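> With the sequence up front, the predicted model follows.
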Amino acid sequence: MTREHTVLDFRFLIEPAVSVIIPAFNVERYIEEMLYSLEMQVFTDFEIIVVDDGSTDETFNIVRKYLSGSKVGGCLIMQGNSGVSVARNTGLQYARGRYVCFVDADDTVSPYYLKTLYDANIKNNTTIALCSFITLSEGSPHSSCGLSEGEVRVCESLRLMRNMLLGKIGVGCWSLLIQRELLIKEGIYFAEGYRYSEDLHFVWRALAHVDKVSLCNRRLYNYRFREGSAMAKFGPERLEGLYLMEDLVRFFEVHCPSFGKEFEIHGVARWVWATLWQAACALPYPKFIKLCNDLKAKERMKRLRDFSDVRVRLSSILFLINARAYYMIARTVARIAGMNRF
């Protein structure tokens, strides 16, 4: 589908090492903070590409003013509202960098975010490097890699994916620096038309196309969990993510058969587990039970009875024994924690 774009180009680097792609929709309260954190980067060989996805607030004007006076070259693209996946894909279309990363407009990054990831890829001859992150709403650092703080090492991609599957490592598309050529050559783009799980769908496919990755256990990305954000809400569109998880099962059968069976057993089941916990916190009990039936939750949660993560294993067993007790405990935990997620 051909889309019309309005482009304001403030770039002065012809072939930057990195393109930072930022989808933006009605983020006038946050976008300048992200842009400032990028301007403070120790690494300077990069460009910023902001894709305004049809904002109705001052997002476009704020970005235009900022980039026009910034020491970092940037490109501002405006398109009709099409969703975050389309915005990211549009940014990739305009990117010039050897590597690309995708950050969210309402988050921020450490001054060493780009340098650490870029240096890791160059030193280790990898096409993907990933870092740890902090979830701001939780108030405490969450390290996504099981390494000593600051350590950088190379890991087999298959081993990383297995650790992700077991919940030992948390990865978002914003914690990766990826070689642009890999994405173009293999046709790895964000699934358009989805609001949930599209980032994981992208990450899993990217990792499956490489043999090794660089793991940087430095908390370089600040992820802001907002009550008004897409991930803080629960609606019927959340179930679209199930299609993407099932699509990954088919993908791995072709591209990574040795991992495909493992993902079929635990990948979809863990997605259902996470979705049910969020649903229990957000929905009245009758709607929660209907969702359980729609997802064939009992059948899928049975696969987690021997799961290595104690939290996942015990909550799954509780659900299988007594769904109402599971529902009440999930809501109690969420109320105590002050947030609607596990």
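In hand now; what should we look at?
> nearest spatial neighbour of the residue nearest the centre of the chain, skipping sequence neighbours?
Centroid check for the chain by Cα atoms, centre = their mean gives Gly172 as the closest residue, at 3.0 Å. Distance criterion Cβ to Cβ, 6 or more residues apart in numbering; nearest residue to Gly172, sequence neighbours excluded, is Asp199 at 5.9 Å. All C-beta spots, glycine's among them, are computed from the backbone N, C-alpha and C.
> From Ser55, how far out is Ala105?
Ala105 is 10 Å from Ser55, where distance means Cβ to Cβ, to the nearest Å.
> These two: who's more crowded?
A direct count of neighbours by other Cβ atoms under 10 Å for Ala105 and Ser55 places Ala105 higher, at 28 against 20.
> ok, Phe234 touching Gln278?
Yes - counting by Cβ atoms under 8 Å, Gln278 is a contact partner of Phe234 at 5.6 Å.
> Now name the helix or strand holding Val51.
Assigned by DSSP states H and E, Val51 falls within strand 46-52.
> Given that strand, what are its sheet partners and their directions?
Sheet pairing of strand 46-52 (DSSP bridges) gives strand 18-24 (parallel), strand 74-78 (parallel).
> Alpha carbons only: can I get it in CSV?
The C-alpha trace of strand 46-52 is given here as CSV (Å, rounded to 0.1, in the frame of the first residue of the first chain):
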residue,chain,number,x,y,z
PHE,A,46,24.0,8.8,14.0
GLU,A,47,20.8,10.4,12.6
ILE,A,48,17.4,10.7,14.2
ILE,A,49,14.3,9.8,12.2
VAL,A,50,10.9,10.7,13.8
VAL,A,51,7.8,9.4,12.2
ASP,A,52,4.7,11.4,13.3
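> quick check: mean pLDDT across stretch 221-240?
What stretch 221-240 shows for mean pLDDT is 69.
> and it, how far apart are its ends?
One end of stretch 221-240 to the other measures 27 Å (Cα to Cα, to the nearest Å).
> follow-up on the earlier one: shared neighbours of Ala105 and Ser55, anything?
Common neighbours of Ala105 and Ser55, using Cβ atoms under 8 Å, 6 or more residues apart in numbering, are Ala24, Phe25, Val27.
> and which of the residues you listed is nearest Val213?
Lowest distance from Val213 to these (Cβ to Cβ) belongs to Ala24, with 27.8 Å.
> Pull the contacting residues for the closest one.
With contact taken as Cβ under 8 Å, 6+ apart, Ala24 is in contact with Ile31, Val50, Val51, Asp52, Asp53, Ser55, Thr59, Val63, Ala87, Ala105.
> a helix runs through Gln278, doesn't it?
Yes - according to DSSP: H, G, I helix; E, B strand; the rest coil, Gln278 belongs to a helix.
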